[in-house]
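# fold the following, please.
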Amino acid sequence: MKIILLDSTIEPIFWRFVEERIEEYFFFIMDYKQNPNVTRIWIAFDDVGGIQGMLLNYKNKNVHIRGSNEAVKELADYVDIRTPEITVINTQKELLSPADKEHKKEVLINRMVIHLGENLMINEHVSEILHESDREEIAALYRKADPIFWSHVQGKDVELDENHIWFGIKREDRIVSFANIWIGEEIGIIPTVATDPDFQNQGLATSLVSRSVQELFKHTTLGLIHVRAENSPAVHIYEKIGYKKIFQYSEYKTKK
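Numbering: from 1, shown residues only. Next up is the predicted model:
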C-alpha cells in the first residue's frame, strides 16, 4: 500500500472517489473545499492505484480516518495523529495505537442521513427565522441547554449568514428552542438543536428539526446530522422525522 499526500496532481482521482461517497467522506469534501490551506489529506492507494482509505488533518486539531482496516492501520501508523481530536469508525478504533488515544475521552457519535422525500413534516409549534439581534440569546441558550458540552459558546461563535440559517421558537418573546442548518453544495446539515430545560418534552425540537429539514431540501437532496449516541431523546427525534443512522464513530477528544 502506498500513501500519498493530496496535491493538484491527484485531485481528479480524489474528487471522483469522495463525490461518490459523500455520506462517508463529508468532512474531507467540506474542509478541503472551504479551507484548503489548513487541510491536509493523505490517501492510501493499493497496488493497482485504487483508493483504500484517507486521513484528514484539519488545522492540526482534528483528524478523521476512513477506509479499509488495512488502510486505517497504515494511515494511523504513517501520519502523526497526536492531535486534540481523532475520529474513526467505531468498529476500527482498536486499529489506533494506545498512544493515539492517550489522555483522550471517547465519545460515540451517530452519523444520520435523510434523503429528499423521506422526511415527515411535523409543524405543531410556530417557529421563526432568527437574526443578528438574537446572537447573544442563542449563545445563552446553548450554555443553559448543556452547561458542560456548550459552556464555551459565546455570541461571536454563532454564525448567521446565507449558508447558516437559524430557526427559533419563542415564549413571551424569549427564545426557548432553536435549530440551525448549514447549506453546502452537496449536502445540508443540522449542526445543533437546543431547548431550554424548562421547556423540554413539549415537541419544540421536533417541530424545529422538521422545519429545518424542509428548508434544507430547498437547496439539496441530502441531509446529514451528527448526534451523541448516548443522547437517546435527540436520536428519537431525528428518527421520527426520517433520519437513519449509517455510521457510528468513536471521537477521541483531549480531556480538559
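
# going forward, measure contacts and count neighbours with C-alpha atoms only.
Fine.

# K253 touches P84, doesn't it?
Yes. The pair K253 and P84 qualifies as a contact (CA atoms under 8 Å) at a distance of 5.7 Å.

# how about the strands of the stretch 1-150 of the chain, start to end?
Here the stretch 1-150 of the chain has its strands, by DSSP state E, counting those that start in this stretch, at 2-5, 39-45, 51-58, 62-67, 85-89, 104-115, 128-129.

# repeat that for the stretch 151-256 of the chain.
Assigned by DSSP E, counting those that start in this stretch, the strands in the stretch 151-256 of the chain fall at 164-171, 174-183, 188-195, 222-228, 244-254.

# show me what counts as buried in the last one.
With burial defined by 16 or more other CA atoms under 10 Å, the residues of strand 244-254 counted as buried are 244-245, 247-253.

# what would those look like in TSV with pLDDT and distance to Y25?
Output for the buried residues of strand 244-254, formatted as TSV (pLDDT from 0 to 100; distance: CA to CA, whole Å):
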residue	pLDDT	distance to Y25
K244	97	17
K245	96	15
F247	95	11
Q248	97	14
Y249	97	13
S250	96	15
E251	96	15
Y252	95	18
K253	91	20
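
# coming back round to it: tell me which of the strands of the stretch 151-256 of the chain lies nearest to D77.
Between D77 and the strands of the stretch 151-256 of the chain, the tightest spacing by CA to CA is seen for strand 244-254, at 16.8 Å.

# what's next to that closest one, contact-wise?
84-90, 93, 101, 103-114, 229, 238 (CA atoms under 8 Å, 6 or more residues apart in numbering).

# relative to that strand, what are the paired strands and their orientations?
Using DSSP bridges, strand 244-254 pairs in its sheet with strand 85-89 (antiparallel), strand 104-115 (antiparallel).

# got the CA positions of the shortest one in PDB?
Output in PDB follows, covering the C-alpha atoms of strand 85-89 (Å, rounded to 0.1, in the frame of the first residue of the first chain):
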ATOM      1  CA  GLU A  85      -9.400  15.200  18.300                       C
ATOM      2  CA  ILE A  86      -9.400  12.000  16.400                       C
ATOM      3  CA  THR A  87     -12.400  10.400  14.800                       C
ATOM      4  CA  VAL A  88     -12.600   6.800  13.500                       C
ATOM      5  CA  ILE A  89     -15.400   4.400  12.700                       C
END
